[in-house]
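> I would like to see how this sequence folds:
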Amino acid sequence: MALFVRLRLKAGRMLLLKHHSPVRRLQQGFDLEKVKKVGILWDATFENDFQHLAALNRQLNEMDKHVEVITWIPGKSVPDRLTGLSYMKFLRKSDLNWAFIPVSDDARDFMKTKFDLIIDINPSSLFQLNYITSVSTALMKVGPDITAEPEKTPYDLMIKTPKPFSIAFFLEQTMHYLSMISSPDSRA
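Residues are numbered from 1 along each chain as shown. Predicted coordinates:
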């Protein structure tokens, strides 16, 4: 069974490489104040961390940013406290094709949206969330630095976090560094 899963993942990665090559992103200076649309990818395997995601959503809304979240649900049903949130869409196993590529309408809409900023809260490096981040044309992509091969990640900014992964620390550092690189004082 594990061999079949590995073959499916390998096929998915090959399809991602084929799909990712035509994606063109604008390379320009990043300014957090000019950001209007923020996309967040969240692995709800760590459902207890929802409070930190909700706090980030409030913070970004106070900064007059529009936030959309796509959430990986590892089980068959969406936890009760996550239902009814208008800014959150869900991705389940049934929303993936045979190569683990997201094919649901919500996932397609998320991938097509022109975000100014993507924040990928994906401490397990789930392929389906990496796929969405990779094909996005967002101007800035932020994610955790948890791989031995950082050159193979789709991120423009990687945040190193202590083990075990702390979403609170990751989000705090993400906002700190995004503010720092947006500051006119820090620009060359």
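> give the contact list for the residue most central in space within the chain.
Nearest residue to the geometric centre of the chain (C-alpha atoms, centre = their mean): residue 120, 2.5 Å. For residue 120, the set of contacting residues under the criterion of C-beta atoms under 8 Å, 6 or more residues apart in numbering consists of 40-41, 129-130, 133, 141-144, 154-155. No exception for glycine: its C-beta is placed from N, CA and C like everyone else's.
> Just among those, which is most surrounded?
With neighbours defined as other C-beta atoms under 10 Å, the most crowded of the contacts of residue 120 is residue 143; it has 27 neighbours.
> Output the contacting helices and strands for the helix or strand harbouring it.
Assigned by DSSP states H and E, residue 143 falls within strand 140-144. If you count contacts as 3 or more C-beta pairs under 8 Å, 6 or more residues apart in numbering; DSSP states H and E, strand 140-144 packs onto strand 117-121, strand 157-159, helix 167-182.
> Buried deepest among the ones you listed, which one?
strand 117-121 (a mean of 27; mean count of other C-beta atoms under 10 Å).
> what packs against the helix or strand following it?
Stepping forward along the backbone from strand 117-121, the first helix or strand reached (DSSP H and E) is helix 127-135. Counting contacts by 3+ C-beta pairs under 8 Å, 6+ apart, helix 127-135 packs against helix 2-20, strand 37-43, strand 66-72, helix 105-112, strand 117-121.
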